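**Student:** need coordinates for the following:
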Amino acid sequence: MTAAGRPGSGLRTTVDKDTGVAVLTLDRPERHNAIDLETAAQLSAAWREFRFDEAVRAVVVTGAGEAAFCTGIDRDTDVPQPNSPYTIDDPLIAIGPKANDCWKPVIAAVNGMACGGAFYLIGEAEFVVADERATFFDPHTTYGMVSAYEAIHMAQRMPFGEVARMALMGTAERVSARRAYETGLVSELTPPGAALDAALRAAATIASFPTEAVQGTVRALWSAKEAARSQALAHAPHLITLGNVPPERQAELFAGRRGGGGFRTR
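**Tutor:** All right, here's what the predicted structure looks like:
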C-alpha cells in the first residue's frame with residue numbers, strides 16, 4: 001500500500017499494489033469535503049497520473065468523515081468570471097476522470113451528504129455505492145444559480161422526472177439513499193459506514209480481470225451515451241452565465257439559509 005497527499009492538503013491518495021485499487025479521498029471533513037482550487041487541481045492531476053500508472057487498475061473515490069461525501073465547490077473560493085454569456089470559468093469542470101481522459105473503472109463510495117459539485121465526480125463514475133445514511137440534493141436554484149453540469153450528469157443516471165425534481169427543489173428536499181437506489185442512481189446500498197468497504201470489494205474484483213477488456217468495456221458503455229452528453233454539456237456555460245443571479249445576490253441567499261434547516265428527505 002502506498003499513500004500520497006501532504007498534511008493539510010485536500011486530497012489523500014492510496015494505492016494497493018496487491019489488488020490494483022487506488023482510493024481517492026476528499027480530505028476536508030471540516031468543510032464537508034467541499035472542493036477549493038487546490039483540491040480541484042489535485043483531483044485533475046491524480047486522474048492524469050492514474051492513466052499512466054499500470055499498478056492502478058480500478059479507482060474508488062470517497063470523502064473523509066461521516067458527514068459528507070462532497071458538498072461541491074467551497075463557497076469561500078473566489079472565482080472571477082469573464083463578462084460573456086459564451087464562456088464560464090468553472091473550477092470543477094476537470095475534477096472527474098472522464099474530463100481527464102482516464103478510462104479506468106471508477107466507483108464512488110458515498111457517505112453523508114452529496115450535493116452540487118459532488119455530481120461532477122459521481123456523474124463520471126461507473127457506478128455508485130452508498131450507505132443508508134447518504135443523501136443527495138442540488139442546491140443551485142435555491143441560491144439563484146443554474147443547475148446545468150450537475151443536472152446533465154445526473155440525467156445520464158436517473159429518470160428525467162427524478163433529476164428535474166432534485167434540481168428544481170434545491171435545498172428544500174433531499175433524496176434519501178433508499179430513493180436513490182430505487183431510481184438507479186445508487187447501485188448498492190450498505191449499512192452505515194460500510195460503503196467504502198463494499199466499493200473496495202467491487203473494485204478489487206474488477207481490477208483482477210484483464211485490464212484491456214475492462215477499459216474497453218468502460219469505453220463501450222460511455223460511447224452509448226457520449227454524443228448526447230457532449231452536446232448537452234456544450235450548452236451549459238451559456239445557460240449558467242445567462243441564468244445565474246449576480247454573485248453578491250448568491251452570497252445573500254446562501255447566508256440567509258446557512259444552517260441547513262427546512263428541508264425534507266424522501
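
**Student:** where does the protein have low pLDDT?
**Tutor:** Residues of the chain meeting the criterion pLDDT under 70: 1-8, 79, 81, 85-86, 227, 229, 232, 236, 238-240, 257-262.

**Student:** can you pull out the helices in the stretch 101-250 of the chain?
**Tutor:** Across the stretch 101-250 of the chain, reading from the start of the chain, the helices by DSSP state H, counting those that start in this stretch fall at 118-122, 149-155, 160-169, 177-182, 195-207, 211-223, 226-243, 247-257.

**Student:** so can I have JSON lines of these showing mean neighbour count and distance to Gly72?
**Tutor:** For glycine as for every other residue, the C-beta is placed from the backbone atoms N, C-alpha and C. Below are the helices of the stretch 101-250 of the chain laid out as JSON lines (neighbours: other Cβ atoms under 10 Å; distance: least, Cβ to Cβ, whole Å):
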{"stretch": "helix 118-122", "mean neighbour count": "27", "distance to Gly72": "6"}
{"stretch": "helix 149-155", "mean neighbour count": "23", "distance to Gly72": "8"}
{"stretch": "helix 160-169", "mean neighbour count": "17", "distance to Gly72": "13"}
{"stretch": "helix 177-182", "mean neighbour count": "19", "distance to Gly72": "17"}
{"stretch": "helix 195-207", "mean neighbour count": "20", "distance to Gly72": "19"}
{"stretch": "helix 211-223", "mean neighbour count": "13", "distance to Gly72": "23"}
{"stretch": "helix 226-243", "mean neighbour count": "14", "distance to Gly72": "14"}
{"stretch": "helix 247-257", "mean neighbour count": "13", "distance to Gly72": "12"}
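
**Student:** turn those into a markdown table, including distance to Asp90.
**Tutor:** Compiled in a markdown table, the helices of the stretch 101-250 of the chain are given as follows (distance: least, Cβ to Cβ, whole Å):
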| stretch | distance to Asp90 |
| --- | --- |
| helix 118-122 | 9 |
| helix 149-155 | 7 |
| helix 160-169 | 17 |
| helix 177-182 | 25 |
| helix 195-207 | 27 |
| helix 211-223 | 21 |
| helix 226-243 | 8 |
| helix 247-257 | 14 |
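
**Student:** closest one to Gly63 among those helices?
**Tutor:** Checking these against Gly63 by Cβ to Cβ gives helix 118-122 as the closest, at 8.4 Å.

**Student:** what is the closest one packed up against?
**Tutor:** Secondary-structure packing of helix 118-122 (3 or more Cβ pairs under 8 Å, 6 or more residues apart in numbering; DSSP states H and E): strand 68-70, strand 106-110, helix 149-155.

**Student:** return the distance of that helix from the chain's centre.
**Tutor:** With Cα atoms, centre = their mean, to the nearest Å as the basis, the distance from the averaged C-alpha position of helix 118-122 to the chain average is 2 Å.

**Student:** could you export it as PDB, CA atoms only?
**Tutor:** What follows is helix 118-122 as a C-alpha-only set of coordinates in PDB (Å, rounded to 0.1, in the frame of the first residue of the first chain):
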ATOM      1  CA  ALA A 118     -20.300  16.300  -6.000                       C
ATOM      2  CA  PHE A 119     -22.200  15.300  -9.100                       C
ATOM      3  CA  TYR A 120     -19.100  16.100 -11.300                       C
ATOM      4  CA  LEU A 121     -17.400  13.100  -9.600                       C
ATOM      5  CA  ILE A 122     -20.500  10.900  -9.200                       C
END
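
**Student:** right, and the helices of the stretch 101-250 of the chain - which one's nearest Ala40?
**Tutor:** Ranking the helices of the stretch 101-250 of the chain by proximity to Ala40 (Cβ to Cβ) places helix 118-122 first, at 9.5 Å.
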